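Trainee: Could you work out the structure for the sequence below:
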Amino acid sequence: MTDLPKLTQRKLGLVIDLDTCVGCHACVTACKGWNTENYGAPLSDIDAYGANPVGTFLNRIHSYEVQPEQGCAQTIHFPKSCLHCDDAPCVTVCPTGASYKRVEDGIVLVNEEHCIGCGLCAWACPYGAREMDAAEGVMKKCTLCVDRIYNENLPEVDRVPACVRTCPTGARHFGDFSDPQSNVSKLVKERGSLDLMPEQATKPINQYLPPRPKDKMVSSDQIETLLKPVAKEPKGFLSWLDKALDAL
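Mentor: Residues are numbered from 1 along each chain as shown. The predicted structure is shown next:
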């Protein structure tokens, strides 16, 4: 079995804002693309366009309709990936040491050369965040794009996980939770965050910002105001498009 480090030098992870995530799946496709072309074995797709498609993903989006006791019903989009837990049970059950947690930054990784595909880590993970790659026979999981965040050949703005870089609504944030002045630490302090399934005592690094209650219905007058044009006459490309559509 694999031992966990008693202390890590940093705690790199994600803050995901459930209030601003719109469930567009941009993070899913960016993750799939980056991790298929770079780190480790490619994320396989089997019979992708057939009757029984099977694919490996390190990040998935689950959507739920929620009706609070007070306020309006709302749709919550919930991104799920490895949480890089401090007390990661997926690491301690690994019989070959393939699963491990790094001392320097707290990232949980899989050494695919040592992975025998036994699946014990997937059984131990309470979040369902590990997936067996059917083509390669090895366990796959989020790496926090470790091959991006330390890559000095990339512009500094790109040295973040692919899911963070591509999120169009800014719902995903990356940083060091051991630094109280980091962006993620400040977000957690300002908004309050949710530990996913705290009863499991895994001490997840990744945090979720709760959605704000939607307690007011938008009136038809408000909708009409929002739909009013911002300009009386279209200009430039919009003017050309307006004329082209009128000619149809």
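Trainee: Could you work out the end-to-end span of stretch 227-239 for me?
Mentor: From its first residue to its last, stretch 227-239 covers 19 Å (C-alpha to C-alpha, to the nearest Å).
Trainee: got a list of contacts for that stretch?
Mentor: Identification of contacts with stretch 227-239 by C-beta atoms under 8 Å, 6 or more residues apart in numbering yields Leu241, Asp242. Where C-beta positions appear, they are placed from N, C-alpha and C, glycine not excepted.
Trainee: please redo it, this time with the cut-off set to 6 Å
Mentor: Applying C-beta atoms under 6 Å, 6 or more residues apart in numbering, the set of residues contacting stretch 227-239 from outside is Asp242.
Trainee: tell me the contacts of Asp147?
Mentor: With C-beta under 6 Å, 6+ apart as the criterion, the residues that contact Asp147 are Asn38, Tyr39.
Trainee: 10 Å - rerun?
Mentor: Listed by C-beta atoms under 10 Å, 6 or more residues apart in numbering, the contact partners of Asp147 are Trp34, Asn35, Asn38, Tyr39, Gly40, Leu154.
Trainee: With Val108 instead?
Mentor: 4, 82-86, 88, 90-91, 99-102, 121, 125, 129-130, 141-144, 205.
Trainee: Over to Cys90?
Mentor: Cys90 neighbours (C-beta under 10 Å, 6+ apart): 2, 82, 99, 101, 108, 110, 120-127, 129-130, 139, 141, 202.
Trainee: now the helix or strand of the chain with the lowest mean pLDDT, how far from the centre of its chain.
Mentor: Within the chain, confidence by mean pLDDT, DSSP states H and E is lowest for helix 220-226 among all helices and strands, at a mean of 75. Using C-alpha atoms, centre = their mean, to the nearest Å, the mean C-alpha position of helix 220-226 is found 34 Å from that of the whole chain.
Trainee: do the same with stretch 173-183
Mentor: Centre-to-centre, stretch 173-183 and its host chain are 16 Å apart (C-alpha atoms, centre = their mean).
Trainee: Report the mean per-residue pLDDT for that stretch.
Mentor: Per-residue pLDDT values across stretch 173-183 average out to 97.
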